[in-house]
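# Prediction below, plus the sequence it came from.
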Amino acid sequence: MIRIIEQASELNSLVNATKKTGLSVGFVPTMGALHKGHLTLVKKAKKENDLVIVSIFVNPTQFNDKKDLDKYPRTLENDLVLLKPTSADIVFSPSVSEVYPHGDLIGADIDLGGLDTYMEGAFRPGHFKGVAQVVKRLLDIVTPDRLYMGQKDFQQFTIIQYMIDKLKMDTILVVCPIIRETNGLAMSSRNERLSALTRKKAGIIYRTLLTVKNNCNISSIVELEQYGMKRLAALSPFEPEYLTIVDGNTLTPVTDIAATNYAVACVAVWADGVRLIDNIILKKEN
Ligand code: PAF
């Protein structure tokens, strides 16, 4: 039976008691509307930790668009059904005032080293400040040994790793590969809002990224980015916002793939009023 906890203090005491007995704690933060991608994170967390906590909290401070917040699916009952086979131990489902007892402006200004100004950050002002704020608060409550996040939100996990390092937080970030639908569309809670036809056609995003990857040693960055933008824009109803090749650590634009050791192509596309993001690692050397 999954235990549902709503109070931060109750969860914090339980985790403290668990860790005192030498058991490890894994944590998967989510905003609910769970899909197979989340469940993969939970299953991995369960393999690597004794106690697994999943938070379900739609964080208002990371929505730069109020309409997006209102439209965000809230499906707690179904989420609990989906979590059952993963053997997650605890669902933390707090209210807004439990997460932000002193108001949601407190803790909203974490230094993110400018990583929040590129790509998603440029198009969604304040978004990553809100993400860092809530993840910091959740980590303070849960104090996990390991934190699990998906590669789909490349900029998000890069920023959280930066915050963990900068604040010397005692948790290891484990990043898990993107889980895709059969046509290649990266799994996301937002996919539910696409029409059946658009969802089917949305495999174009991953196919475009694959072509970029296959050509990344023979075409220039400008050619690759232009090719990707044009291909996506040519298929209705897709409207690409950006397709950029960046350094996987600094998120700054790459000018020469041969001269970098970590290059990632990141893309954001609008379709049916939904913003979809995806990415592919072009090159990663240690
Ligand atoms: O990726 C998400 O679902 C959210 O940004 C997160 C990490 C749960 C913070 O609200």
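Yep, it's here. Residues are numbered from 1 along each chain as shown.
# start to end distance for stretch 233-251?
24 Å (CA to CA, to the nearest Å).
# quick one: L23 is in a helix?
No. L23 sits outside any helix when classified using DSSP: H, G, I helix; E, B strand; the rest coil, being coil.
# where does it land on pLDDT?
Among the per-residue scores, L23 holds a pLDDT of 98.
# ok, it - how many residues close by?
13 (other CB atoms under 10 Å). For the C-beta atoms, the positions are set from N, CA and C on the backbone; glycine is no exception.
# contacting residues around the spatially closest residue to it that is not a sequence neighbour?
Spatial nearest neighbour of L23, chain neighbours left out: D50 (3.8 Å); criterion: CB to CB, 6 or more residues apart in numbering. D50 is in contact with T18, L23, S24, V25, counting by CB atoms under 8 Å, 6 or more residues apart in numbering.
# Now the two most distant members of the residues you listed.
Farthest-apart pair in those is T18 and S24; separation 8.6 Å (CB to CB).
# any residues in contact with both of these two?
D50, L51.
# got the CA positions of the helix of greatest length in the chain in CSV?
If you go by DSSP state H, the chain has its longest helix at helix 127-142. The C-alpha trace of helix 127-142 is given here as CSV (Å, rounded to 0.1, in the frame of the first residue of the first chain):
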residue,chain,number,x,y,z
HIS,A,127,10.3,29.3,-15.1
PHE,A,128,13.5,27.8,-13.9
LYS,A,129,13.6,30.1,-10.8
GLY,A,130,10.3,28.5,-9.9
VAL,A,131,11.6,25.0,-10.7
ALA,A,132,14.8,25.5,-8.6
GLN,A,133,12.8,27.0,-5.8
VAL,A,134,10.4,24.0,-5.5
VAL,A,135,13.1,21.4,-6.0
LYS,A,136,15.2,23.0,-3.3
ARG,A,137,12.2,23.1,-0.9
LEU,A,138,11.3,19.5,-1.7
LEU,A,139,14.9,18.4,-1.2
ASP,A,140,15.0,20.1,2.1
ILE,A,141,11.9,18.3,3.2
VAL,A,142,12.8,14.9,1.7
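# On the pLDDT front, check V134 for me.
Per-residue confidence (pLDDT) for V134: 98.
# Count residues in the vicinity of it, would you?
Neighbour tally, V134, other CB under 10 Å: 24.
# Let's see the pLDDT reported for the spatially closest residue to it that is not a sequence neighbour.
Nearest non-adjacent residue to V134, counting by CB to CB, 6+ apart: N59, 4.2 Å away. N59 is assigned 97 on the pLDDT scale.
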